[in-house]
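Engineer: need coordinates for the following:
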Amino acid sequence: MKTPTMAGLATLAAGGVFLAAVTLGNDDDHDKTPVAVTHQKTPATNSPTISTTSPTSPVNGPYVALGDSYTSGPNIPSQATSTPAGCDRSDRNYPSLVAEQLALDPADFRDVSCTGATIADLTSAQSTDNGVNRAQLSALSDETRLVTIGIGGNDIGFSSLIKQCVKSGILYYAMGSGKYTGVAAPCREEYVSGGTDEIQQRIDTAGDRLATALARIKDRAPQAEVYVVGYPAILPPTAADCGRELGLAPADVPFLHKEAQSLNTTLRERAAAAGAVYVDTYKPSVGRDACSDRTTRWIEPMIPLAPAAPVHPNARGERGMADAVLDAVDAPK
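Structural biologist: Residues are numbered from 1 along each chain as shown. From the prediction side, this is the model:
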């Protein structure tokens, strides 16, 4: 049974999570939180999978990587010296690991992923804290043979969604864990009303934008194999002990998990419609979400304990995503 003292301590802990949440901002962050390093890697667990199509021939370079911060790897050492610095690209992100495993010549690999990128930034210049990133598709050419693209989270405002859900969670715990409000999932209540799911509407719009972007990729790089990289498991499907650790109301954990899965489903469907390959990073990451043990998780929580931005992949996660891409291209790991 929870005592008033225990409840007070939990609220204070949640307050620390809230302070971390406000650093997220409204795009896929530029957080520089100091963290401790962990290096362990364990075998993947089994879970239902989204089917993945394999190409009919081996894929080599030139290779161009497109995407947002789940691709670029903010705060994961070492941060690459590429321009602009505000893109927060790690030299151990999954594109770099894929290029390394494919033994590509440096001249045959370009990583133009950038923290905060939306689908619009594929075709338009993106301003960062330290410069301007050219339109990502400008890196493509008739010579390009391999393209990976991991994007869509910023189009649905996932960082701001997490931030708002943490705020709602802090109030939830402060108000007796819903005892005085009668609301079990305050974040869901804010985004789902009268049968209308605002986040799902954003996902549908992102899907339409991605379809257009994939057509433009094909125009610019007609000889390339294109791989749409989905998002790993960020939260578990059920709350368990996860909600309090992240400052979320327990019932909001499955809500956010469902929305992330819906985004992945849309990415898969749009990839298939465009003749691209969908890379499932969810299946190998089940049980390695932000609420799992620090020695096995791929995603760091609001206060990272390994080098990564809050609620973003750590080095282990980027390695896992690289393995998923290599499996899709049927390349050795």
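Engineer: mind listing the strands for the stretch 151-300 of the chain?
Structural biologist: 192-193, 196-197, 225-229, 277-279 (DSSP state E, counting those that start in this stretch).
Engineer: low-confidence stretches in the stretch 101-250 of the chain?
Structural biologist: Where the stretch 101-250 of the chain drops to pLDDT under 70, the residues are 241, 243, 245.
Engineer: now with 80?
Structural biologist: 240-241, 243-245 (pLDDT under 80).
Engineer: contacts only, for residue 128.
Structural biologist: 84, 85, 86, 87, 114, 115, 116 (C-beta atoms under 8 Å, 6 or more residues apart in numbering). All C-beta atoms are positioned from the backbone trio N, CA, C, and that covers glycine.
Engineer: where's the closest residue to it other than its chain neighbours relative to residue 75, distance?
Structural biologist: The shortest distance from residue 128 to any non-neighbouring residue, by C-beta to C-beta, 6 or more residues apart in numbering, is to residue 86 (2.6 Å). Distance check for residue 86 against residue 75: by C-beta to C-beta, to the nearest Å, it reads 13 Å.
Engineer: between these two, who's got more neighbours?
Structural biologist: Shown here are residue 86 and residue 75; by other C-beta atoms under 10 Å, residue 75 has more neighbours (26 against 19).
Engineer: how far away is the closest residue to residue 62 other than its chain neighbours from residue 159?
Structural biologist: In this structure, residue 62 finds its nearest non-sequential neighbour in residue 108, 4.4 Å apart by C-beta to C-beta, 6+ apart. From residue 108 over to residue 159 the distance is 33 Å, taken as C-beta to C-beta.
Engineer: one more: residue 129?
Structural biologist: 15 Å.
Engineer: the two: who's more crowded?
Structural biologist: residue 159 (24 against 12).
Engineer: run through the bridge partners of residue 193.
Structural biologist: residue 196 (DSSP bridges).
Engineer: that one: neighbouring residues, count only.
Structural biologist: Count around residue 193 with other C-beta under 10 Å applied: 10.
Engineer: one step back: deepest-packed of the strands of the stretch 151-300 of the chain, please.
Structural biologist: Highest mean neighbour count of those: strand 225-229, a mean of 25 (counted as mean count of other C-beta atoms under 10 Å).
Engineer: which strand or helix spans the spatially most central residue of the chain?
Structural biologist: Centroid-nearest residue in the chain, with C-alpha atoms, centre = their mean: residue 70, separated by 4.2 Å. Assigned by DSSP states H and E, residue 70 falls within helix 69-72.
Engineer: pLDDT of that helix, averaged?
Structural biologist: Average pLDDT, helix 69-72: 98.
Engineer: what's the first helix or strand after that helix?
Structural biologist: Following helix 69-72 in sequence, per DSSP H and E, is helix 94-101.
Engineer: what does that next one rub up against?
Structural biologist: 61, 63, 65, 67, 71, 73, 80, 90, 108-109, 111, 113, 148, 150, 229, 318-319, 321-322, 325-326, 329, 331-333.
Engineer: of those, keep whichever come out buried.
Structural biologist: 61, 63, 65, 67, 71, 73, 80, 90, 108-109, 111, 113, 148, 150, 229, 318-319, 321-322, 325-326, 329 (16 or more other C-beta atoms under 10 Å).
Engineer: mind listing what's buried in stretch 269-278?
Structural biologist: Here stretch 269-278 shows 270, 271, 274, 276, 277, 278 as buried, counting by 16+ other C-beta under 10 Å.
Engineer: what's near enough to touch the second one?
Structural biologist: Taking C-beta under 8 Å, 6+ apart as the contact definition, residue 271 lies against 214, 226, 228, 277, 278.
Engineer: including distance to residue 205, could the residues you listed go into a markdown table?
Structural biologist: Shown next, in a markdown table, are those (distance: C-beta to C-beta, whole Å):
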| residue | distance to residue 205 |
| --- | --- |
| 214 | 15 |
| 226 | 21 |
| 228 | 17 |
| 277 | 23 |
| 278 | 19 |
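Engineer: can you pull out the helices in the stretch 101-250 of the chain?
Structural biologist: If DSSP state H, counting those that start in this stretch is used as the criterion, the helices of the stretch 101-250 of the chain fall at 158-174, 186-191, 198-220, 242-246.
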